[in-house]
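[1] kindly return the folded structure for what I paste below:
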Amino acid sequence: MTDEPTYAAFVGPRLLAWGELGVVLRAAKAQFDRDNGAALLVFDDRTGRQRDYDLRGEPDAVVARAIPAPLPAGRGRPKLGVVSREVTLLPRHWEWLEEQPNGISAALRRLVDEARKREPGEARARQARDAAHAFMTAIAGDRPGFEEALRALYAKDRERFERKIARWPGDIRRHVERLAEASF
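    Next up is the predicted model:
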């Protein structure tokens, strides 16, 4: 998997398109227009989960609905992509954070960055396993060797994993292997 978000569109067991969301949605839209009864599925490769998109209208409108325009610059640090959310902590956590230099937000960002640096490989492996698992469940849950392939994936046994998915349709097999790569 790459650092840039990628998506995959499948029509049954056939890979229709893979890449950035706009490219994949344009291919999905063209397929939808040709045969809107086809079993068309779009997956987010970061999570392996199926995503639903409104494919009605012109291709540019389909992409515009799925990829919202950037928000206008406002308060905060828009160049950093800062997002405000609620955090619930115990009083002792708030007390500790309030004592940190540069404020609570800076302390939380530092803690998160340090944790990400400590185990980047394992975090990436876990994300890859989870994405492969979600994708496999959605598109290959009834395929022979599915459960054994999942066990091999979580056991980090690449050889057994590849053996169990070897008879799956080529596009599904190759995409599962792409998603699972970092988990081994």
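[2] gap between the residue of the chain positioned farthest from its centre and H93?
    Going by C-alpha atoms, centre = their mean, the residue of the chain most distant from its centre is E99, 36.4 Å out. The gap separating E99 from H93 is 11 Å, by C-beta to C-beta, to the nearest Å. Any C-beta I mention is one placed from the backbone N, CA and C, and that applies to glycine too.
[3] do V11 as well
    49 Å.
[4] these two - which one has more neighbours?
    V11 (19 against 12; other C-beta atoms under 10 Å).
[5] Q31 is in contact with that one, correct?
    Yes - in terms of C-beta atoms under 8 Å, V11 counts as a neighbour of Q31; the distance is 5.9 Å.
[6] and for the two, which residues touch both?
    Applying C-beta atoms under 8 Å, 6 or more residues apart in numbering, one finds that V11 and Q31 are jointly contacted by A38, L40.
[7] what sits against F43?
    Shown in contact with F43 (C-beta under 8 Å, 6+ apart): Y7, A8, A9, F10, R49, Q50, R51, F135, A138, I139.
[8] angles on the backbone of the fifth one, please.
    R49 has phi and psi values of phi -90, psi 150 when expressed as degrees, to the nearest 10.
[9] list the buried residues in the helix or strand harbouring A115.
    Taking DSSP states H and E as the criterion, A115 maps to helix 104-118. Within helix 104-118, the residues that count as buried by 16 or more other C-beta atoms under 10 Å are I104, A107.
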